[in-house]
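Enquirer: Next input, structure requested:
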Amino acid sequence: MQTVDALVVGAGLAGLRTARLLARRDLNVTVVDRRRSLSAGIRTTGIFVRRTLDDFDVPDHLLGPGIRDVLLYPPSRRAPIHLVSDRDEYRVADMAAVYEHARRAAESAGAHVLLGVRYDGASSGLVRFTDAEPVRARFVVGADGARSRVARDLGLDVNRRLLVGAEIVHPIASGTTVPAFHCVLDPQIAPGYLGWVVDDGRHAHVGVAGYPHAMRVGIRHLLDDFAADAPGGAPPAGPVERRGGPIPVGGVLRRLACPAGLLVGDAAGAVSPLTAGGLDPCLRMSELAAAVTAAYLRTGDRRVLSRYDGNALRARFRGRLLLRRVFAGIRSPAAAEAAVAALRGRAGRALAARILFGDGSFPEVDPLLADPAIAPPHR
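Expert: Residues are numbered from 1 along each chain as shown. Presented below is the predicted three-dimensional model:
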């Protein structure tokens, strides 16, 4: 039976990034994912914010044009609020290519990535798979999404506040749209969140998300209704791809680690409670997760795991968690119209610009990485 230092369950961005960082620390790392292709089952639009692109190595050729314009629409779709930044704030990535790039980087660092392997459970260091031989793992990293099976098996916290999202992606003719991020606040089609239209220069992404218990019909029907007259859209120039899945918006979970493993990415609730953006948090938390995992495996000191503390990270999200509750309370078109109207004034536009264009999307982990308890030893 094979033995590994770290088994990473889930080959999304968080899992592959964590695996790469662990392998670079000379650990024996294996990544498993039930998908047979990383281009299958994509659940994210792939919107990278400026701060992420400044700090992480996402290849430029995998990104669409820079976006500086955000238009916020009330349910009536009339007179949107148009916010313009003086710099590129968003770029939409080709996520299939981003995942493949992350896979190659993890493998180049020494990690083994196995696709088409379904995680079945873990207990006492033995990890079982469906239709594959079990392995022994000193540590398990749960990067298996918002409804993490690893979290349950390890007795860690699980996400309970979830949106559900759906999106269609289709090719567009070159030059038919101006790069912009169109957001529609309408509880009839996206209760508790937004409908959106954004393009990556080659594809248009049209989506909706909201609380499932508040939806009048199924998410696919809401998406089709929205897509029929979505603002800023361009007619399809080819086949349509559908995406979708749960989005945790309850903030970073409190109990993220135990002696058997830890959680990263959506499994850890590493998503902005307000904007539901998860790419920046997953990359930043992966840095800390890898440092804590490596230090724990090196020393065996369980106190090291306390450095991966969800409570400390949640403290930075108090304001956004409050705004999330306010957002969830907008339950009628009239209330949504009033909310957008409130943002038209100077103070409202400043608040919207701070949320959409600000630098404080997720706590910095650099000060935590400087902790001697988890810093790598000098060579």
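Enquirer: Torsion angles phi and psi at the residue nearest to Gly329 when sequence neighbours are not counted?
Expert: The spatially closest residue to Gly329, leaving aside those adjacent along the chain, is Ala335, at 7.9 Å (CB to CB, 6 or more residues apart in numbering). No exception for glycine: its C-beta is placed from N, CA and C like everyone else's. Note on Ala335: backbone dihedrals following degrees, to the nearest 10 are phi -70, psi -40.
Enquirer: Could you report the distance from Ala335 to His112?
Expert: The gap separating Ala335 from His112 is 52 Å, by CB to CB, to the nearest Å.
Enquirer: Could you double-check that Ala373 lies in contact with Ala295?
Expert: Yes: using CB atoms under 8 Å, Ala373 makes contact with Ala295 at a distance of 6.3 Å.
Enquirer: list the residues that contact both of the two?
Expert: Counting by CB atoms under 8 Å, 6 or more residues apart in numbering, the residues touching both Ala373 and Ala295 are Asp301, Val304, Arg307.
Enquirer: quick one, strands of the stretch 101-250 of the chain?
Expert: For the stretch 101-250 of the chain, the strands defined by DSSP state E, counting those that start in this stretch cover 112-115, 118-123, 126-130, 132-142, 162-171, 181-184, 195-199, 203-210, 241-248.
Enquirer: For those strands, give me JSON lines that also has mean pLDDT.
Expert: Listed next are the strands of the stretch 101-250 of the chain as JSON lines, based on pLDDT from 0 to 100:
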{"stretch": "strand 112-115", "mean pLDDT": "96"}
{"stretch": "strand 118-123", "mean pLDDT": "95"}
{"stretch": "strand 126-130", "mean pLDDT": "95"}
{"stretch": "strand 132-142", "mean pLDDT": "95"}
{"stretch": "strand 162-171", "mean pLDDT": "94"}
{"stretch": "strand 181-184", "mean pLDDT": "95"}
{"stretch": "strand 195-199", "mean pLDDT": "92"}
{"stretch": "strand 203-210", "mean pLDDT": "93"}
{"stretch": "strand 241-248", "mean pLDDT": "93"}
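Enquirer: Which of these sits closest to Ala339?
Expert: strand 181-184 (12.2 Å; CB to CB).
Enquirer: Can you tell me which helices and strands that closest one packs against?
Expert: Applying 3 or more CB pairs under 8 Å, 6 or more residues apart in numbering; DSSP states H and E, we find strand 181-184 packed against strand 69-73, strand 195-199.
Enquirer: From the centroid of the chain, which residue is nearest?
Expert: When CA atoms, centre = their mean is applied to the chain, the residue found nearest the centroid is Gly278 (2.5 Å).
Enquirer: What is the burial count for Arg318?
Expert: The tally of other residues near Arg318 (other CB atoms under 10 Å) stands at 11.
Enquirer: just to revisit the earlier point, okay if I get the helices and strands packed on strand 181-184 as CSV plus mean neighbour count?
Expert: What follows is the helices and strands packed on strand 181-184, written out as CSV (neighbours: other CB atoms under 10 Å):
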stretch, mean neighbour count
strand 69-73, 20
strand 195-199, 25
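Enquirer: Pipe these into TSV and attach distance to Arg349 per row.
Expert: Listed next are these as TSV, based on distance: least, CB to CB, whole Å:
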stretch	distance to Arg349
strand 69-73	10
strand 195-199	19
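Enquirer: Quick one, which of those gets closest to Asp131.
Expert: Asp131 lies closest to strand 195-199 among those, at 38.3 Å (CB to CB).
Enquirer: can you map out the helices along the stretch 201-350 of the chain?
Expert: Remark: helices assigned in the stretch 201-350 of the chain by DSSP state H, counting those that start in this stretch are 219-228, 279-299, 310-314, 318-328, 333-342, 346-357.
Enquirer: how about the fifth one as CSV, C-alpha atoms only?
Expert: Looking back up the chat, that one is helix 333-342. Provided in CSV are the C-alpha atoms of helix 333-342 (Å, rounded to 0.1, in the frame of the first residue of the first chain):
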residue,chain,number,x,y,z
PRO,A,333,-38.1,44.4,-6.4
ALA,A,334,-39.2,47.5,-4.6
ALA,A,335,-36.6,47.1,-1.9
ALA,A,336,-34.0,46.4,-4.6
GLU,A,337,-35.0,49.6,-6.5
ALA,A,338,-34.6,51.5,-3.2
ALA,A,339,-31.2,49.9,-2.5
VAL,A,340,-29.9,50.9,-5.9
ALA,A,341,-31.3,54.4,-5.5
ALA,A,342,-29.5,54.7,-2.2
